[in-house]
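Q: When you get a sec, could you give me coordinates for this:
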Amino acid sequence: MRPLTADARSLPTDPDAILVSIVSHGHQHCVQQLLLQIARSSAGPVRRVVLTLNLPEPQPTAPPGGWPFVLQLVRNESPRGFGANHNRALESGNEPFVCVLNPDVELMSDEPFVALVQAAVAAGVGCAYPQQLNGTGQLQDSERAIPTPWALVRRYLIQRHETTVDWVNAACLVLPRTVWQSVSGFDERYFMYCEDVDLCLRLRLAGWSLARAEARVLHAGSRTSHRSLRHLLWHMGGLLRLWRSTAYARAKRMRNGTNAGSKPVAHR
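A: Numbering: from 1, shown residues only. Predicted coordinates:
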C-alpha cells in the first residue's frame with residue numbers, strides 16, 4: 001500500500017471518521033460510480049478510501065476539484081482473497097471506524113455513512129449494516145441464520161427463509177476500529193466465501209451485536225458461485241472450513257441455549 005500522504009496525516013481525527021476499503025476485481029465502471037456517489041453524498045464522515053485493484057485496471061478519474069477524501073490506490077501483483085485484501089487496507093490509520101464496501105454497491109440515501117456510524121456507536125454494537133435492495137428494488141435476504149446444512153436445504157430447495165439474524169453479508173459493514181482489531185478482522189484462510197459468516201459469528205460470540213442502520217443500499221449481487229465452477233468450489237470450500245471451525249461449533253451451542261462463552265474467538 002502507498003504510505004499515507006502528507007494531506008492524510010495532517011487531517012484532524014474526527015470522532016466519526018471512516019476508513020472505507022473497496023476491492024475491485026475488474027469492476028472499473030462500478031468503482032468509478034461508487035466513488036463519485038461517496039464524493040457527492042458521504043464525503044463528511046468518509047475520511048479515506050483504500051481502493052485495492054486485485055486485477056489490472058485503470059485508476060478512477062477524479063471529479064473536478066478532486067476527491068473530498070484521501071484516495072489510496074493499491075495494485076496487487078497477484079490476486080489476494082477477499083479477507084486478506086480488506087485486512088491489509090484497514091490495518092493502517094487512526095480513523096475510529098472502518099468500512100468494508102463492495103464495488104457493486106450503489107448508495108441510495110444522502111448520508112448512509114452517518115446513519116451507519118450512529119448505529120455502530122450504540123452500546124453493545126459491534127457491526128452496523130444497511131438494508132440491502134436487489135436489482136428490482138426488493139429487500140434482499142442479506143440477514144441470515146447460521147448456514148447449517150439443513151438451513152441451506154430450507155433456503156435453496158424448500159425456498160424457506162430464516163427469520164433469525166446470526167450474520168449479514170459483507171457488501172457494506174461499518175465497525176468501530178477497536179472492535180475490528182479485537183477480533184483481528186477477517187480470517188484470511190477463507191479465500192472468497194464465508195469469511196463474513198465467520199466474522200459475524202466471532203463478533204457475536206465476543207458479546208457484540210449486529211445492528212441494522214436506517215440506511216439503504218442497492219446491491220444486485222451477481223451470485224457468481226451459481227454460474228462459475230471455480231467460484232462454486234471456493235464457496236463449498238468456505239462452507240467446509242466454516243463447519244469445521246470453533247466459531248461455528250460455539251455459535252451453534254449458543255443458538256441451542258448452552259454456554260458459548262464471551263471471549264473473542266481466535267482464528268483457528
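
Q: Show me where the stretch 51-200 of the chain has its helices.
A: 82-90, 112-120, 149-156, 177-182, 195-205 (DSSP state H, counting those that start in this stretch).

Q: Give me the distance between residue 128 and residue 37.
A: Separation of residue 128 from residue 37 (C-beta to C-beta, to the nearest Å): 19 Å. C-betas here are computed from N, CA, C, even on glycine.

Q: From start to finish, how long is stretch 72-79 in a straight line?
A: Chord length of stretch 72-79, first to last residue, is 18 Å (C-alpha to C-alpha, to the nearest Å).

Q: in that stretch, what counts as buried?
A: Buried residues in stretch 72-79, defined by neighbour count with 16 or more other C-beta atoms under 10 Å: 72, 74.

Q: same deal with stretch 30-38?
A: Neighbour-count burial for stretch 30-38 flags 30, 31, 32, 33, 34, 35, 37, 38 (criterion: 16+ other C-beta under 10 Å).

Q: Residue 163: neighbouring residues, count only.
A: Applying other C-beta atoms under 10 Å, we find 7 residues neighbouring residue 163.

Q: State the distance from it to residue 154.
A: Using C-beta to C-beta, residue 163 is found at 11 Å from residue 154.

Q: How about residue 183?
A: Separation of residue 183 from residue 154 (C-beta to C-beta) stands at 29 Å.

Q: which of the two has more neighbours?
A: The residue with more neighbours, out of residue 183 and residue 154, is residue 183; 23 against 15, by other C-beta under 10 Å.

Q: what ranges do the strands span in the stretch 101-250 of the chain?
A: Counting by DSSP state E, counting those that start in this stretch, the stretch 101-250 of the chain has strands at residues 105-107, 125-133, 143-144, 167-168, 172-176, 209-219.

Q: Can you list the helices and strands that the first one packs against?
A: When contacts are defined as 3 or more C-beta pairs under 8 Å, 6 or more residues apart in numbering; DSSP states H and E, strand 105-107 packs onto helix 28-41, strand 209-219.

Q: List the strands paired with that strand, with their directions.
A: Paired with strand 105-107 in the same sheet, following DSSP bridges, are strand 209-219 (antiparallel).

Q: now swap in the fourth one and tell me
A: Strand partners for strand 167-168, identified by DSSP bridges, are recorded as strand 143-144 (antiparallel).

Q: which residues sit against the partner strand?
A: Strand 143-144 has contacts (C-beta atoms under 8 Å, 6 or more residues apart in numbering) with 162, 165, 166, 167, 168, 169, 212.

Q: The closest residue to the second one other than its chain neighbours: how many residues sit nearby?
A: Nearest residue to residue 165 in three dimensions, chain neighbours excluded: residue 143, at 4.4 Å (C-beta to C-beta, 6 or more residues apart in numbering). The number of residues packed near residue 143 is 20, by other C-beta under 10 Å.

Q: Tell me the pLDDT of residue 143.
A: With respect to pLDDT, residue 143 has a value of 91.

Q: likewise residue 151?
A: With respect to pLDDT, residue 151 scores 75.

Q: That one against residue 145, yeah?
A: Yes: in this structure, residue 151 is within contact of residue 145 by C-beta atoms under 8 Å, at 5.5 Å.

Q: List the contacts of the closest residue to residue 87 other than its chain neighbours.
A: Nearest residue to residue 87, sequence neighbours excluded (C-beta to C-beta, 6+ apart): residue 185, at 4.4 Å. Shown in contact with residue 185 (C-beta under 8 Å, 6+ apart): 83, 86, 87, 90, 91, 199.

Q: Perfect, I'm done here.
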